[in-house]
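S.K.: what shape does this take:
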Amino acid sequence: MRRILHVDMDAFYASVEQRDDPKLRGKPVAVGGDPKGRGVVCAASYEARAFGVRSAIPMAQALRKCPKLVIVRPDFGKYRAVSRHVNEIFRSVTPLVEPLSLDEAYLDVTENAWNEPLGRNVARRLKAEILAATRLTASAGVAPNKFLAKIASGWKKPDGLTVIAPENVETFLAKLPVDALWGVGPVTARKLRSAGIARLIEVRSADPGLLRRVVGSWAPTLASLSWGVDDRPVVPNRPAKSCGTEETYSRDLVDRRLMRSEVERMAGEVAAWLETKNLRARTVTLKVRYADFTTITRSESHRPATRDPAALAARGAGLLLKTEAGTRPVRLLGVSVHGLESPESHDAAAEDQQLPLGIG
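M.R.: Below is the predicted model:
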């Protein structure tokens, strides 16, 4: 039986800012863009969340919810540096580390450098080491698979630790409403409830045809998850062939301006990653999942390759115009880059495109 951890840093961007600026501690903080423009909340402190401030909502709306909100512009370079430090701690314990984003990762600790047989103890020690090294808290879930570990990490936040032992899986599943699942937003949850499926375990007895009409191609996966089955292994980092970020929204997006802001934010994150890896990208891909779970991608390639945030954002925004986003509600957006090149290959490609002198 595998022992899988999902570790999730608590309100990561906002917590880093509160750590580095004592004036922000204990105050409602939102990391994001200018409320006078099309700024969006990237992250909110727990003090801000108490007022209903959440990521992906317009910053102007966040200010209406919390007039005393302190707005901080994001510093992705700083967040990436902290993330690298945390991942170094993970890899000192096991090579089986699968980062999902800057603030969360899966770890397979079935075998670990501490020779600790209990996942609970590994998680507890990791949380303590992260706190000592970064002065930031993390929440952890321990379970036999990735699906359960991810849900468990969000069960008690912040600074939480939830363990789902194999013998307790069925009891845990019985507690879960359908919208506890990552990827099931309010619209889909309402559809499932209208179909008589309010709890995850009720998926088991649902008519397969009905389930497919409600959630589309995700139906077989949802059926497996209702039994707590998830055989996906923890996949450690491989040589980068692409990089991307995506977000599933708790409330479907309907405003195209907000969608564009989200795409531009994600392009900025990807550009920061390219900068840290000293890479450039030829291709930008936009992923859009509509409220009915229909998913499309749009891609565009250019030479020379680039890591310029403005150029990547402009390409992502241009691809958004080629979708039905704005006329159909959107539950997920993602931006990724492909065709990665090092500066050396970039320079060689540029030379290849030059005509030899003295010919013709």
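S.K.: what are the phi and psi values at residue 175?
M.R.: Per-residue torsions, residue 175: phi -80, psi -20 (degrees, to the nearest 10).
S.K.: ok, now residue 26?
M.R.: Residue torsions, per degrees, to the nearest 10, at residue 26 are phi 80, psi 0.
S.K.: do you know how far the residue nearest to it when sequence neighbours are not counted is from residue 232?
M.R.: Spatial nearest neighbour of residue 26, excluding adjacent residues (CB to CB, 6 or more residues apart in numbering): residue 47 at 6.6 Å. For glycine as for every other residue, the C-beta is placed from the backbone atoms N, C-alpha and C. Using CB to CB, to the nearest Å, residue 47 is found at 35 Å from residue 232.
S.K.: just want to know which of the two has more residues nearby.
M.R.: Using other CB atoms under 10 Å as the criterion, residue 47 and residue 232 rank with residue 47 on top: 21 against 11.
S.K.: any idea which element the more buried one lies in?
M.R.: helix 46-49 (DSSP states H and E).
S.K.: and that helix, what's buried?
M.R.: 47-49 (16 or more other CB atoms under 10 Å).
S.K.: residues in contact with it?
M.R.: 10-11, 14, 26-30, 62, 66, 69, 158 (CB atoms under 8 Å, 6 or more residues apart in numbering).
S.K.: now the helices for this structure?
M.R.: 12-20, 46-49, 59-65, 76-91, 119-134, 146-153, 169-175, 186-194, 208-215, 219-226, 256-277, 309-320, 343-352 (DSSP state H).
S.K.: of all the ones you listed, which one is nearest residue 289?
M.R.: With CB to CB, the closest approach to residue 289 among the helices of the chain belongs to helix 186-194: 10.7 Å.
S.K.: now the closest one, how far from the centre of its chain.
M.R.: 23 Å (CA atoms, centre = their mean, to the nearest Å).
S.K.: now swap in stretch 223-243 and tell me
M.R.: For stretch 223-243, the distance to the chain centre is 14 Å (CA atoms, centre = their mean).
S.K.: likewise stretch 121-134?
M.R.: With CA atoms, centre = their mean, you get 22 Å for stretch 121-134.
S.K.: give me the contacts around it.
M.R.: 3, 5, 7, 9, 19, 82, 85-86, 89-90, 93, 107, 109, 112, 114, 116, 136-138, 140, 142, 159, 161, 163.
S.K.: buried residues in that stretch, which are they?
M.R.: Those would be 122-124, 126-127, 129-130, 134, for stretch 121-134 by 16+ other CB under 10 Å.
S.K.: closest to residue 212 among these?
M.R.: residue 123 (36.8 Å).
S.K.: now that closest one. Nearest residue, chain neighbours left out?
M.R.: residue 140 (4.1 Å).
S.K.: the one you found reaches residue 164, doesn't it?
M.R.: No. If you go by CB atoms under 8 Å, residue 140 and residue 164 don't touch, sitting 11.6 Å apart.
S.K.: who touches both of the two?
M.R.: residue 152.
S.K.: looking at the two, which is more packed in?
M.R.: residue 140 (26 against 23).
S.K.: what separation do you get for that one and residue 147?
M.R.: 15 Å.
S.K.: kindly report the same for residue 16.
M.R.: Where residue 147 is concerned, residue 16 sits at a distance of 28 Å (CB to CB).
S.K.: rebuild the helices of the chain as JSON lines, extending it with mean pLDDT and distance to residue 283.
M.R.: Listed next are the helices of the chain as JSON lines, based on pLDDT from 0 to 100; distance: least, CB to CB, whole Å:
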{"stretch": "helix 12-20", "mean pLDDT": "97", "distance to residue 283": "27"}
{"stretch": "helix 46-49", "mean pLDDT": "97", "distance to residue 283": "36"}
{"stretch": "helix 59-65", "mean pLDDT": "93", "distance to residue 283": "31"}
{"stretch": "helix 76-91", "mean pLDDT": "93", "distance to residue 283": "21"}
{"stretch": "helix 119-134", "mean pLDDT": "98", "distance to residue 283": "34"}
{"stretch": "helix 146-153", "mean pLDDT": "94", "distance to residue 283": "29"}
{"stretch": "helix 169-175", "mean pLDDT": "92", "distance to residue 283": "40"}
{"stretch": "helix 186-194", "mean pLDDT": "85", "distance to residue 283": "31"}
{"stretch": "helix 208-215", "mean pLDDT": "88", "distance to residue 283": "30"}
{"stretch": "helix 219-226", "mean pLDDT": "88", "distance to residue 283": "28"}
{"stretch": "helix 256-277", "mean pLDDT": "89", "distance to residue 283": "12"}
{"stretch": "helix 309-320", "mean pLDDT": "93", "distance to residue 283": "9"}
{"stretch": "helix 343-352", "mean pLDDT": "47", "distance to residue 283": "14"}
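S.K.: can you tell which of the ones you listed is closest to residue 329?
M.R.: Nearest of the helices of the chain (CB to CB): helix 186-194, 6.9 Å.
S.K.: angle of that closest one against helix 219-226?
M.R.: 80 degrees (axes from the mean of the first three to the mean of the last three CA atoms, to 10 degrees).
S.K.: contacts for helix 186-194 next, please.
M.R.: Applying CB under 8 Å, 6+ apart, the set of residues contacting helix 186-194 is 177-179, 184, 198, 214-215, 250-252, 291, 293, 329, 331.
S.K.: please save the CA atoms from it in PDB.
M.R.: Extracted as PDB, the C-alpha positions of helix 186-194 are listed here (Å, rounded to 0.1, in the frame of the first residue of the first chain):
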ATOM      1  CA  PRO A 186     -21.000  25.100  -8.300                       C
ATOM      2  CA  VAL A 187     -22.700  24.800 -11.700                       C
ATOM      3  CA  THR A 188     -21.700  21.100 -12.100                       C
ATOM      4  CA  ALA A 189     -22.600  20.400  -8.400                       C
ATOM      5  CA  ARG A 190     -26.100  21.900  -9.000                       C
ATOM      6  CA  LYS A 191     -26.500  19.700 -12.100                       C
ATOM      7  CA  LEU A 192     -25.400  16.600 -10.200                       C
ATOM      8  CA  ARG A 193     -27.800  17.400  -7.300                       C
ATOM      9  CA  SER A 194     -30.600  17.900  -9.700                       C
END
